[in-house]
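> Everything below, folded, please.
(2 chains)
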Protein chains: 2
Amino acid sequence: MELTVETLMITTGGSRIALLSEESANLLGVHSSDRIKIKCNGQEMIAIANIAYHFPPNRIGLYEETVEALGVEEGEKVDVELAPLPESLFNIRAKLHGERLREQDLVAIVKDVVERHLSTVEISAFLTALSIHGLSMGETEALSRAMISTGKTLDFGKGPILDKHSVGGIPGDKTSMLIVPIVAAAGFTIPKTSSRAITSPAGTADRVETLCPVDLSIKEIKKVVAKTNGCLVWGGSLELAPADDLFIQVEYPLGIDPMLLPSILSKKKAIGATHVVIDIPTGMGAKIKTRTEAYTLASDFVDLGKRLGLNIQCALTFGEQPLGCGIGPALEAKEALETLMGGGPPDLREKALSLASMLFEMVGVEHPRGMAEDMINSGKAEKKMREIISAQGGNPAVKPEDIPVGPEKAVVRSERAGKVLWLSTNDIVRIAREAGAPKEKGAGVVLHAKLSGDVHKDSVLFEIYAERSSKLASALELAGQLSPIVLSKKPEEKMILDQIPEQGPHEKRFMLDR
Amino acid sequence: MELTVETLMITTGGSRIALLSEESANLLGVHSSDRIKIKCNGQEMIAIANIAYHFPPNRIGLYEETVEALGVEEGEKVDVELAPLPESLFNIRAKLHGERLREQDLVAIVKDVVERHLSTVEISAFLTALSIHGLSMGETEALSRAMISTGKTLDFGKGPILDKHSVGGIPGDKTSMLIVPIVAAAGFTIPKTSSRAITSPAGTADRVETLCPVDLSIKEIKKVVAKTNGCLVWGGSLELAPADDLFIQVEYPLGIDPMLLPSILSKKKAIGATHVVIDIPTGMGAKIKTRTEAYTLASDFVDLGKRLGLNIQCALTFGEQPLGCGIGPALEAKEALETLMGGGPPDLREKALSLASMLFEMVGVEHPRGMAEDMINSGKAEKKMREIISAQGGNPAVKPEDIPVGPEKAVVRSERAGKVLWLSTNDIVRIAREAGAPKEKGAGVVLHAKLSGDVHKDSVLFEIYAERSSKLASALELAGQLSPIVLSKKPEEKMILDQIPEQGPHEKRFMLDR
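Below is the predicted model:
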């Protein structure tokens, strides 16, 4: 059927969608969410059909992504027909029925996800089925390879290429901002890509962005790495394993994460990493709650790494409380810089040194811990960080106090004396986000009391920073409701952790960072 | 945040979607697929946010459904904020983890589906999880009640109100067109709503539409039933259990059907039925393949019926081949009318009489079979059908030969003599659809050979009807590839039913009719 293009000048956020009138859809035998094949000038493409009820019958409405992919203009004639269901949809249906998929089946699915032949309804069903039925290691490997091969890859020449990743869930974890300069200062290559926060108060990309631009092109990244051995950039627009970005969009509202392993390692492999340390924060306050879970995940990482030709070591790290004191992009960048300069909180310094040592050990450094410490103590890591900041377009002379934090500030004090018995990382995340983090980069929380710490009556438990007074007020109100830091003289004094039914409103669960 | 409305003049097919610029979304902390609350003139509503990349930052783009629901106009100012996640999403997440849901959880989900607070991604995950984990009978009951209470209901006064439903899967099943006039002619009320075909060559609504309008309002239906005791209308626009229509849109591409029981019985209950016969065609050519499956389904129907206060009887019917000879809307309407007039194929007559008798027996008729036969033999059923056709706005004097069938016709003949050993209903469906059914109402197939029938060399196996010669040609080509009717002198001559890997392209699986 020949239809005239109407360009809608609206983006859909990636999907290729075409609008048909009810009349045309009926004639073509197309139902809403069916696929249609659009042909024009020897080009053809598949789009998902939406049926509009007050749309001229001789026209086809194309959203911007579809216009671009097809290279058509307003008023052009295109030929439209019902497209057959993609083979990959039958693979998805098989997974719904609990079947194990072959490599070629998974390749077909990932390819059709990237080429937008599958709708979000279908991707959602696929991820739900994966989440419920689980994946075999063979499926995980095949998915990883498919995700790599459908995206771009980087090559930094001869290795080793080092990398570090945290599965996340611990607020205030700015370790990457220390490890990258430590490793790069020691002469090793570490091209670190990171994500922005979705459910947390700051992702590494958000933190680094308070110091320098992070949205670099692949060409720019290569230049930065050639100059400094490292980088700290946002991975979101690089099209490394782009299928994953589409999967995340669907997983996010569902709070599921069945693709964690292929998602992380496909990106590491795409950036050319050869040696990777995976940080698995473990504890009641983290995403991974128990050691059993953590060990299973770790051995899966190591196994998948072997299959993909990656050297992997995992670190189970203490995940009962935030790392360091600052939580929120600017507050964390400040703390990271202070730590590189020899100060900073001891838990952050220790974690960064330990993980960097693991990487050094993996590539055969004789005194790995000594080398890591030396990089900090000698000031080489700080110097390297400033080189990276400069190469990425920031001010290399930046001092910690230059990093702008929220001008609105409030202090929450203890009503009594005691020892910190436990603190709710989730509540602290909520307070930091209520204050404006991660979008308002100066917003967040600074902890003055941490586990086992002694607190006097009226001493500061934490500070809240915000960029707007209204945000400060609502964060402060939430802090009063939540009381995230629990004190006790004796542990047995406070045995009830929570009451059911709970008081506060539901909150989004953590997503593992990728 | 205050934004100015831009009405997009585009329908989404039901979803309430609002378009935000990337800038506004960032400021609001909204990610794609998050929900936003839009307030205006004391009204407020929830919409799903789509983020557009070239959209003015101070504007909000509203699709027609959203404009209508909110009652706003181009250029009006609205207040927009990030809405909390709906509670029902947490219920969906719980189902993803295999938890059993309580009645109030399911009510929340169905309510949010109908009010468009859940995205298709979320509905897809819910239905996938239901399909994999299954539903308890308690969940099934709660879902049914929730689906009834979120839609309209009809009341035809004092009962009994009779009804009949087939779970479908057998092409050519025009039994409802006989049962309704038989039952109505006997003085009982039978307000029958039906669906249109999605994956089959004809639904009852498509068939009846060749005789009279079927898209009646509730008020019109009441008038027709008051006059004639029965009706044969399309249920799609009546908003009886409207959640189901939204579920079907998502289930259709996935080929799953977890809501079959609540879907069917909520609609029966909403129309006020008290006594229902459910037809379960069973056989290799049907959706329900084995007697075990059929018995399980039947006992679930009876059980759910009891819980909802419905008298249910199920009939397992022969499902190895199409019912009657005509397949396609007009061809089937013609055959139904012929059967009401005393002719027609014996299997169709027999099935209609049996199911009508079951209904008569359920309401205490003394000689149920005799009464059903009498309604046909006396011509009362035919007369009743003509009354219904007239009341719905059709021509009551219509003769079978008046119903227009496709002018393009081809005959497929047997290359040899033999007995019909088996025939592929699925292949016949494909040929009928290729010829243009159900959209082109005169298109379809007429079978001249059925199971166990004797076929001579060169005698007609089936005819293909089409409205366009191009459709006829491609249906004929497909028929040549598929050879849906398999002949044999002795059964043991032909033992291979199919070869793997199979030759032809994949086809959509059947959906159960609702």
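
> mind checking the end-to-end distance for stretch A:339-354?
From its first residue to its last, stretch A:339-354 covers 14 Å (CA to CA, to the nearest Å).

> which intervals of the stretch 401-514 of chain A have sub-threshold pLDDT?
Along the stretch 401-514 of chain A, the model assigns pLDDT under 70 to residues A:489-514.

> all helices for it, in order.
Remark: helices assigned in the stretch 401-514 of chain A by DSSP state H, counting those that start in this stretch are A:425-434, A:469-482.

> ranking those by burial, who's on top?
Ranked by average neighbour count under the criterion mean count of other CB atoms under 10 Å in any protein chain shown, the helices of the stretch 401-514 of chain A are headed by helix A:425-434 at a mean of 25. For every residue, glycine as well, the C-beta is placed using N, CA and C.

> angle of that helix against helix A:469-482?
Helix A:425-434 runs at 160 degrees relative to helix A:469-482, counting by axes from the mean of the first three to the mean of the last three CA atoms, to 10 degrees.

> For chain B, give me its nearest residue in the stretch 351-500 of chain A.
Taking CB to the nearest CB as the measure, the stretch 351-500 of chain A has residue A:439 as its residue closest to chain B, at 5.6 Å.

> Now do that residue against residue B:25, distance only.
Here the distance between residue A:439 and residue B:25 works out to 10 Å (CB to CB, to the nearest Å).

> got it, and residue A:436?
Here the distance between residue A:436 and residue B:25 works out to 15 Å (CB to CB).

> Neighbour count: these two, which is higher?
Neighbour totals were compared for residue A:436 and residue B:25, and residue A:436 leads with 27 against 23 (other CB atoms under 10 Å in any protein chain shown).

> what about the closest residue to residue A:314 other than its chain neighbours, which helix or strand?
Nearest residue to residue A:314, sequence neighbours excluded (CB to CB, 6 or more residues apart in numbering or on different chains): residue A:298, at 3.7 Å. Element membership for residue A:298 (DSSP states H and E) is helix A:291-308.

> next one: residue A:351
Taking DSSP H and E as the definition, residue A:351 sits inside helix A:346-362.

> How far does that helix sit from its chain's centre?
Per CA atoms, centre = their mean, to the nearest Å, the displacement of helix A:346-362 from the mean C-alpha position of its chain is 22 Å.

> for it, what is the average pLDDT?
Per-residue pLDDT over helix A:346-362 has a mean of 95.

> for stretch A:114-134, same thing?
On average, stretch A:114-134 scores 94.

> does it come close to chain B?
Yes - using CB under 8 Å from any CB of the partner chain, we find that stretch A:114-134 touches chain B at A:119-125, A:127-129, A:131-133.

> who's in contact with residue A:197?
Residues near residue A:197 by CB atoms under 8 Å, 6 or more residues apart in numbering or on different chains: A:203, A:206, A:437, A:438.

> Which members of the residues you listed are the farthest-apart pair?
With CB to CB as the measure, no two of the contacts of residue A:197 lie farther apart than A:203 and A:437, at 10.6 Å.

> ok, which residues in the stretch 351-500 of chain A are in contact with chain B?
When proximity is defined as CB under 8 Å from any CB, the stretch 351-500 of chain A approaches chain B at A:433, A:439.

> what's the burial count for the closest residue to residue A:169 other than its chain neighbours?
Leaving aside its sequence neighbours, residue A:169 sits nearest to residue A:287 (CB to CB, 6+ apart; 3.2 Å). One way to gauge burial is a neighbour count; for residue A:287, by other CB under 10 Å, it gives 22.
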